[in-house]
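>>> Generate coordinates for the sequence data below:
(2 chains)
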There are 2 protein chains.
Amino acid sequence: MSDNLTAEQETGGRRGRGASGGAAARRAARSGGGPGTQLTYIKRKIPLYEVLGEEGISLIEHNADTVLEEIGIDFRDDAEALELFRQAGADVKGERVHFPRGLPRSLLKTAPKTYTQHARNPARNVEIGDKATVFAPVYGPPFVRDLDGNRRYATIEDFRNFVKLSYMAPSIHHSGGTVCEPVDVPVNKRHLDMIYSHIKYSDKPFMGSVTAPERAEDTVAIAKIVFGDDFVENNTVLTSLINANSPMVFDETMLGALKVYARHNQACIVTPFILAGAMSPVTVAGTLTQVLAEVLAGASLTQLIRPGAPVLFGTFASSISMQSGAPTFGTPEPSLVSYGAAQLARRLGLPFRTGGSLCASKIADAQAAYESANTLNSTLLAGTNFVLHAAGWLEGGLSSGYEKFMMDVDQLGMAQKMAEGVDLSENGQAMDAIRQVGPGSHYLGCDHTQANFQTAFYRSSIADNNSYEQWLAEGEKSAAQRANELCRRWLESYEAPHLDPAIDEALVDFITQKKNSMPDAFT
Amino acid sequence: MSDNLTAEQETGGRRGRGASGGAAARRAARSGGGPGTQLTYIKRKIPLYEVLGEEGISLIEHNADTVLEEIGIDFRDDAEALELFRQAGADVKGERVHFPRGLPRSLLKTAPKTYTQHARNPARNVEIGDKATVFAPVYGPPFVRDLDGNRRYATIEDFRNFVKLSYMAPSIHHSGGTVCEPVDVPVNKRHLDMIYSHIKYSDKPFMGSVTAPERAEDTVAIAKIVFGDDFVENNTVLTSLINANSPMVFDETMLGALKVYARHNQACIVTPFILAGAMSPVTVAGTLTQVLAEVLAGASLTQLIRPGAPVLFGTFASSISMQSGAPTFGTPEPSLVSYGAAQLARRLGLPFRTGGSLCASKIADAQAAYESANTLNSTLLAGTNFVLHAAGWLEGGLSSGYEKFMMDVDQLGMAQKMAEGVDLSENGQAMDAIRQVGPGSHYLGCDHTQANFQTAFYRSSIADNNSYEQWLAEGEKSAAQRANELCRRWLESYEAPHLDPAIDEALVDFITQKKNSMPDAFT
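Next up is the predicted model:
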């Protein structure tokens, strides 16, 4: 006997089908298109996977301290940051900051190991840090791959759609930030429409604008309309993305946004944006060293601005193709970087961000899936706390894909189930079932199966597990085609969460006033 | 700045392209279609991932002993096996064998923790056990998904093709067994053509026939022609698949083949074939309990036949859809089963087999890739020693896919690179590179990059990492289309390994004589 389905096994399958209400019920459940019950963020019960031993970790920490001391980090066009570092004991030469060994680590002692990011619906609050994992959608693409098979510039309509889909997706815990760039809205006003969309079309937590300090201030002002002034100053309602300009540079724009958020007790994800071989050495250990140095430098600034402000150790890991210079994803080296960086973050006591469902593919094909699955597997097992780009990422982040989003969301549900680990309760042990069934029978109708079948196995929203003949009869659809259909059904069935009309009005007033205060800018 | 490629980063990319010889060189390398240098089996340097703690492992071991003692295992139509167990101290009632607690574990003390499977080319010998991982192709499908997009019954020509592709694939270490069922050859003579194909078209190690004891004897006889009588009796040149008929049954066919192989010192993979919910309880812990009980029973028989004969702890883990009764792959539950079973195997001191690149999809689409990647990731991190179905599996094992094979082979290369872990040497630390480049520059042309770029990053044979515009200009191909083209190039460029003409002649003589000795049978 080989590992195939025998006739007997297929009969067993048919019995199972009958027992659970049949193919018609299944189709009905699917065609309903409802995304299902919302899940809270992941509270990881499975162990961590770590690729570095104590010796490796210590070596990289030592080397990072050497980078900070000997080479230093540039903080560009920001006199305040340079002055703060000088006062803290760093050696500042021009815009180059040299850190005495251990200084950044010591400054970061005030940063929390975990924090709550509040949502306007408290049931959607998320914990970021420790054993929690939070999934947020793709961030940043100027293009979309739409449901008609076109790749085109993203619009505010697309932006709203991805917010709606993220709101509906049970295993997306966070509304994210720039789910795509709405290029039909003026650059200097875009952030207002984006933040408003997150609040209006979702009740999950969201990210702030980082493209200019004044836009970060606008984000905080809008948050205060929703949450109240005092609440914002004493809690965290925004988690925003601050990228280092690797290698070893922080620029004015990012520093400006970081300072605004830290000052208001809002969380920053300090993330070296690394295409190894271009922005960092071609080796994993070399990349980890530089990543750690950059995070230590950038993150410690938040604590000089406001001790106790939440800050994340971020890592965006990719390699470049040494043949074409193009970025690559889902390959072994970025996975090793993610695993290693997670260990460095834990040693530092900071919440950790990396990974997602990254890929270089232009379409929702097998390349996209292999690369995304490889990335997501390492993201989950590394113990990542905040996962940007968890759904919808295509083309190295140049495009937000609707079909890809739906497929990724299905995978996130699997990751969440995986994180629950092995149930060792009496019901999990199932000794009564084994006794009841005995040799040569089957478990399809036994009491234990009847009692557990609805939750026993993760049920994919995308996968077709039917017979070849049934798949043929249903049109030989690919996963992408099924994702396309499901996405259309979700968007059709979307219903907005309740928003207090007085708050909505105040938001619209603020945004209108802001927009009227300046001419449109498109660069 | 978002996580996208900025204009500056893209410029960097173009520089990189220039530095390494340009797109033309890359295309030339690809169109050559050569599969590259053969890799030896994986010697894992990365840590294991384990989902169960000591408490969980002990609980499952205790429960498995209870199953063996209280419920027992059926050994059907095999008086010899029953007599051997009786003599060893088991309580045999009819065909049901009840094992005193600890007996099978004690019998398995003579089984080796690791063994060498010899290939006819000693450079292709593999180690199976301990820190080694060996990848073998898909096993068993009666259908193929061919390069013209058809799904049809497999032929001996397809069989030879998959042997040739496995021979060429650098990260396939083992030629496997029934890479597809050649249904155009009579059932009772098929094994002769299959074994001959493995020897003629490849020089990697292979598996024996298990469909009848006399076919297992034929396999051993053929192996003796290749390796010599004494060598076969004193070494292992075959690793063959013995499936339990779960739950808790071993049948005459499998027992017959197991006894032949064990008697000749050849390796058996004792594998409960589990679709959880049908052949085992719907829970992970319950499934692990039954798997362990079945392996303990079946594997211990090999040691009663010949103490010291290699035997593997096998697990084929899948769940059934509780909606349709169909088998599902790449979902969380089978991954947890694989991780847990690997731990149980290590405690038992047996080499371990599970996983592969399993999927339910009918085509090489995103579903196939997500499911296969999820399975392969857990297979690798579990520390699996022998990985059947590592490439080419489609449709729950009903079909061997040519495109899928090529895509999986690419992923196996990544897994092999991943298993090397983090290089902490001076070159790996790359401190000189970080010093040379410094803040605000890039690593594309630095000495360290130049010295390492050829081996720094895994280079995919399938992924398209080019710009959207270039991908568009090249025909908007999917990964499956590129895999199709690559597969055709490989098959065109195939060259058979040397085989001693005297051995070849002796093999053909043996097979001709065997075939002439019986009429064709097609059932």
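>>> Give me the phi and psi for whatever residue of the stretch 401-523 of chain A ends up closest to chain B.
The minimum distance from the stretch 401-523 of chain A to chain B, using C-beta to the nearest C-beta, falls at residue A:430 (2.8 Å). Every residue, glycine included, has its C-beta placed from N, CA and C. Phi and psi for residue A:430, reported as degrees, to the nearest 10, are phi 60, psi 30.
>>> Isn't it up against residue B:283?
Yes - counting by C-beta atoms under 8 Å, residue B:283 is a contact partner of residue A:430 at 4.9 Å.
>>> Mutual contacts of the two, please.
Counting by C-beta atoms under 8 Å, 6 or more residues apart in numbering or on different chains, the common neighbours of residue A:430 and residue B:283 are residue A:448.
>>> Not counting sequence-adjacent ones, nearest residue to residue A:360?
The shortest distance from residue A:360 to any non-neighbouring residue, by C-beta to C-beta, 6 or more residues apart in numbering or on different chains, is to residue B:465 (4.5 Å).
>>> Residue A:57 now?
residue A:343 is the one closest to residue A:57 (C-beta to C-beta, 6+ apart), at 5.8 Å.
>>> Just give me how far the strand of greatest length in chain A sits from the chain centre.
The longest strand of chain A (DSSP state E) is strand A:267-276. Put simply, strand A:267-276 sits 13 Å off its chain's centre (C-alpha atoms, centre = their mean, to the nearest Å).
>>> Do it and chain B come into contact?
Yes - applying C-beta under 8 Å from any C-beta of the partner chain, one finds strand A:267-276 touching chain B at A:271, A:273, A:275, A:276.
>>> Quick check, the second one in contact with residue A:327.
In other words, residue A:273. No - using C-beta under 8 Å, residue A:273 is not in contact with residue A:327; the gap is 10.5 Å.
>>> re earlier: compute the number of surrounding residues for the residue of the stretch 401-523 of chain A closest to chain B.
As a burial measure, residue A:430 scores 30 neighbours (other C-beta atoms under 10 Å in any protein chain shown).
>>> cool, and residue A:422?
If you count neighbours by other C-beta under 10 Å, residue A:422 ends up with 21.
>>> Hmm, residue B:56 and it touching each other?
Yes - the criterion here is C-beta under 8 Å, and residue A:422 meets it with residue B:56 at 6.3 Å.
>>> Please enumerate the shared neighbours of those two.
B:285, B:340.
>>> Next, work out how far apart residue A:159 and residue A:205 are.
17 Å (C-beta to C-beta, to the nearest Å).
>>> which residue sits closest to residue A:129, ignoring its sequence neighbours?
Spatially, and ignoring its direct neighbours in sequence, residue A:129 is nearest to residue A:114 (2.7 Å; C-beta to C-beta, 6+ apart).
>>> what sits against residue A:332?
Contacts of residue A:332 (C-beta under 8 Å, 6+ apart): B:414, B:415, B:417, B:418, B:420, B:458.
>>> who's in contact with the last one?
It refers to residue B:458. Residue B:458 is in contact with A:331, A:332, A:333, B:413, B:414, B:417, counting by C-beta under 8 Å, 6+ apart.
>>> For the residues you listed, please prepare JSON lines with the additional fields secondary structure.
As requested, those are exported to JSON lines (DSSP: H, G, I helix; E, B strand; the rest coil):
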{"residue": "A:331", "secondary structure": "coil"}
{"residue": "A:332", "secondary structure": "helix"}
{"residue": "A:333", "secondary structure": "helix"}
{"residue": "B:413", "secondary structure": "helix"}
{"residue": "B:414", "secondary structure": "helix"}
{"residue": "B:417", "secondary structure": "helix"}
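>>> Dump stretch A:404-423 to CSV, keeping only the CA atoms.
Provided in CSV are the C-alpha atoms of stretch A:404-423 (Å, rounded to 0.1, in the frame of the first residue of the first chain):
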residue,chain,number,x,y,z
LYS,A,404,-3.1,37.6,-2.4
PHE,A,405,-4.7,39.3,0.5
MET,A,406,-7.4,36.7,0.7
MET,A,407,-5.0,33.8,0.4
ASP,A,408,-2.7,35.2,3.1
VAL,A,409,-5.6,35.7,5.5
ASP,A,410,-6.4,32.0,5.2
GLN,A,411,-2.7,31.3,6.1
LEU,A,412,-2.9,33.6,9.0
GLY,A,413,-5.8,31.7,10.4
MET,A,414,-3.6,28.5,10.1
ALA,A,415,-0.7,30.3,11.9
GLN,A,416,-3.1,31.3,14.7
LYS,A,417,-4.3,27.7,15.1
MET,A,418,-0.7,26.4,15.0
ALA,A,419,0.2,28.8,17.8
GLU,A,420,-2.3,27.1,20.1
GLY,A,421,0.0,24.1,20.2
VAL,A,422,-0.9,20.6,21.4
ASP,A,423,-3.9,20.1,23.6
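>>> For residue A:224, grab the count of nearby residues.
17.
>>> I figured it hits residue A:232, correct?
Yes - look at residue A:224 against residue A:232 with C-beta under 8 Å: they come within range, at 4.9 Å.
>>> Based on its surroundings, how many neighbours for whichever residue of the stretch 101-250 of chain A sits closest to chain B?
Nearest residue of the stretch 101-250 of chain A to chain B, counting by C-beta to the nearest C-beta: residue A:140, 2.9 Å away. By other C-beta under 10 Å, 23 other residues sit near residue A:140.
>>> what residues does stretch A:74-85 touch?
Residues outside stretch A:74-85 that contact it (C-beta under 8 Å, 6+ apart): A:92, A:95-97, A:99, A:245, A:248-252, A:255-256, A:259, A:297, A:301, A:304-305, B:439-440.
>>> With only the CA atoms kept, save it in CSV.
Extracted C-alpha coordinates of stretch A:74-85, given in CSV (Å, rounded to 0.1, in the frame of the first residue of the first chain):
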residue,chain,number,x,y,z
ASP,A,74,24.5,59.2,11.5
PHE,A,75,21.5,61.2,12.7
ARG,A,76,21.0,63.7,9.8
ASP,A,77,19.5,67.2,10.0
ASP,A,78,18.3,66.8,13.6
ALA,A,79,20.2,69.0,16.1
GLU,A,80,17.8,68.0,18.9
ALA,A,81,18.6,64.3,18.5
LEU,A,82,22.4,65.0,18.5
GLU,A,83,22.1,67.2,21.6
LEU,A,84,20.1,64.5,23.4
PHE,A,85,22.7,61.9,22.6
